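Colleague: sequence? don't have it. structure:
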């Protein structure tokens with residue numbers, strides 16, 4: 001027997017679905033809308049969830065996104081049961097993390113079989129081990145709506161970041177401008193003292209100076225970044241941009257100061273171009289300890305894919 005949460009604003013559909021699933025031996029908890037669905041999922045930690053799309057207050061799409069976004073409920077399979085059957089609806093369900101999609105002209109056996117299918121798929125993914133379930137959690141309506149707002153705000157931010165990076169391809173002219181634009185985008189969304197794009201095959205480093213930086217910090221940063229692409233710093237052709245300026249020759253007169261004497265935080269990620277080949281590295285540093293927190297690292301992860309393709313396209317066009 002499995003525990004199933006269902007949500008539909010139609011009392012008739014709730015009765016039908018509950019009847020079908022209880023006859024299969026499952027325990028069913030029903031909700032009238034997306035808020036109630038999220039509440040019951042966190043309260044009962046079910047084995048599967050069945051959601052309508054068009055429900056008051058919070059739709060099934062949003063409820064699914066909230067559930068798939070939280071580690072406590074992300075692995076619970078979601079079955080969408082809706083009258084909507086357009087290709088766009090099915091696509092959006094997939095984007096929301098929905099595991100199966102059924103329309104409301106379903107047969108009882110089809111619904112029962114779909115539930116069995118997602119339960120068996122989950123068991124197979126766990127290697128036959130029982131599901132690890134979080135402790136029951138009671139959420140108020142305000143708690144659920146707060147999660148919805150946080151999720152939508154984060155998705156909007158992610159979309160803005162991705163759009164800013166991909167727009168570089170349409171506005172920048174050539175490799176150098178593309179790299180400079182990318183480092184400028186990073187400064188807006190992450191912030192850094194130094195940032196660099198190093199290309200392995202070309203043995204070139206493009207560096208942006210976000211804040212006045214000591215020569216010692218700069219030297220340490222370049223050594224760490226060059227090591228990531230197995231190139232010695234003296235072998236690199238380096239171009240540097242003072243905060244927001246055009247790329248110029250490597251300056252030797254960076255200011256020295258006790259507060260900026262050392263690199264305290266360093267982060268880097270590979271730039272994987274077409275075919276997944278590593279074409280270079282994106283690196284950042286700061287004189288502040290723990291400068292790149294969870295939000296900054298999450299943003300870098302968002303930027304990683306589109307940034308790599310933008311840079312790889314620019315370098316291929318330059319050859």
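Modeller: Thanks, I have it. What you are looking at is a predicted structure, and each value in this text was computed from that prediction instead of being measured.
Colleague: Please enumerate the strands of the stretch 101-250 of the chain.
Modeller: 194-199, 204-209, 237-242, 248-249 (DSSP state E, counting those that start in this stretch).
Colleague: Return the most buried member of these.
Modeller: The highest mean neighbour count among the strands of the stretch 101-250 of the chain belongs to strand 194-199 (a mean of 26), with neighbours defined as mean count of other CB atoms under 10 Å. (C-beta placed from N, C-alpha, C; glycine too.)
Colleague: Please produce TSV containing the strands of the stretch 101-250 of the chain, extended by mean pLDDT.
Modeller: Formatted as TSV, the entries for the strands of the stretch 101-250 of the chain read as follows, by pLDDT from 0 to 100:
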stretch	mean pLDDT
strand 194-199	90
strand 204-209	88
strand 237-242	73
strand 248-249	48
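Colleague: out of those, which comes closest to residue 126?
Modeller: With distances scored as CB to CB, the stretch of the strands of the stretch 101-250 of the chain nearest to residue 126 is strand 194-199 (40.9 Å).
Colleague: Please compute how far the closest one lies from its chain's middle.
Modeller: When C-alpha coordinates are averaged (CA atoms, centre = their mean, to the nearest Å), strand 194-199 and its chain have centres 23 Å apart.
Colleague: neighbouring contacts of that strand?
Modeller: Contacts of strand 194-199 with the rest of the structure, by CB atoms under 8 Å, 6 or more residues apart in numbering, involve 179, 182-183, 186-187, 204-210, 213, 217-218, 221-222, 225-226, 228-229, 231, 236, 263, 271, 279-286, 311, 315.
Colleague: Mark which of the residues you listed are part of helices, please.
Modeller: Among these, the residues falling in helices (DSSP state H) are 179, 182-183, 186-187, 217-218, 221-222, 225-226, 228, 311, 315.
Colleague: Out of the residues you listed, which comes closest to residue 163?
Modeller: The shortest approach to residue 163 among these belongs to residue 182, at 13.5 Å (CB to CB).
Colleague: quick one: contacts for that closest one?
Modeller: For residue 182, the set of contacting residues under the criterion of CB under 8 Å, 6+ apart consists of 165, 168, 197, 307, 310-311.
Colleague: Weed out the non-buried ones from those residues.
Modeller: 165, 168, 197, 307, 310-311 (16 or more other CB atoms under 10 Å).
Colleague: And the helices in the stretch 1-150 of the chain?
Modeller: Defined through DSSP state H, counting those that start in this stretch, the helices belonging to the stretch 1-150 of the chain, from first to last, are 11-23, 34-44, 60-69, 87-95, 108-125, 141-166.
Colleague: quick revisit: restricted to buried residues, select the ones in helices among the contacts of strand 194-199 in ChimeraX.
Modeller: Buried residues among the ones in helices among the contacts of strand 194-199 (16+ other CB under 10 Å), as a ChimeraX selection:
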select :179,182,183,186,187,217,218,221,222,225,226,228,311,315
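Colleague: Which pair of the ones in helices among the contacts of strand 194-199 spans the longest distance?
Modeller: Between any two of the ones in helices among the contacts of strand 194-199, the greatest separation by CB to CB is 27.6 Å, found for 217 and 315.
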